[in-house]
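Colleague: What follows is a protein structure lacking sequence information:
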């Protein structure tokens, strides 16, 4: 099953206006044209309509206006974006019809530690194997064996915060960098 995501995604510049545009205008125009082709009774006219619409979809994809992703790619993208504050992001990866088999929300990630270090304030920064970088935001002392390859789990906590557990240490409140 493929999902169509239509957006112009910058560095990470998603906002509600962009997503509203994604959900309403471009997506509905491109895909409704395709649906209209199916309704045509004359085979030659229907084929010409499909060819024209397929060309428009192909052009949109080549120009970066349309992204076609498989479910596994969507799962991986959601996992990589875990921890960034983009409240409208799930709408980008949702199924258009709001089906019952929508992807579950990512509540935690498990990976390994690449490195960790303290800054001048004594706050830790954790670099993880999945490319994520998390910074300690609480003031509690952190005691753990700082070893590359150590298992790390980052999970959602209350009020939009995140907790990182390295090995068997106590959880540390962190923010994605």
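Modeller: Structure's in. What do you need? Here the structure is a predicted model, which is why all the values come from computation and not from measurement. Numbering: from 1, shown residues only.

Colleague: Which parts of the helix or strand where residue 48 lies count as buried, going by neighbours?
Modeller: Secondary structure from DSSP states H and E places residue 48 in helix 43-62. By neighbour count on 16 or more other C-beta atoms under 10 Å, the buried set for helix 43-62 is 49, 53, 57, 60. Yep, even glycine has a C-beta here, placed from its N, CA and C like the rest.

Colleague: Pipe these into TSV and attach distance to residue 70 per row.
Modeller: Shown next, in TSV, are these (distance: C-beta to C-beta, whole Å):
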residue	distance to residue 70
49	26
53	21
57	16
60	18
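
Colleague: Let me have those residues in CSV, extended by pLDDT.
Modeller: Converted to CSV, the buried residues of helix 43-62 look like this (pLDDT from 0 to 100):
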residue, pLDDT
49, 94
53, 92
57, 88
60, 87
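
Colleague: Tell me the one of the residues you listed nearest residue 157?
Modeller: Nearest to residue 157, judged by C-beta to C-beta, of the buried residues of helix 43-62 is residue 60 at 39.6 Å.

Colleague: For the protein, give me the ranges with low pLDDT.
Modeller: Residue ranges of the chain with pLDDT under 70: 1-28, 85-103.

Colleague: And the strands in it?
Modeller: All strands of the chain, identified by DSSP state E, fall at 2-5, 67-70, 108-118, 124-128, 133-136, 151-156, 162-166, 172-176.

Colleague: What distance do you get for residue 153 to residue 72?
Modeller: Taking C-beta to C-beta, to the nearest Å as the measure, residue 153 falls 22 Å from residue 72.

Colleague: neighbour-wise, which of those two wins?
Modeller: residue 153 (14 against 8; other C-beta atoms under 10 Å).
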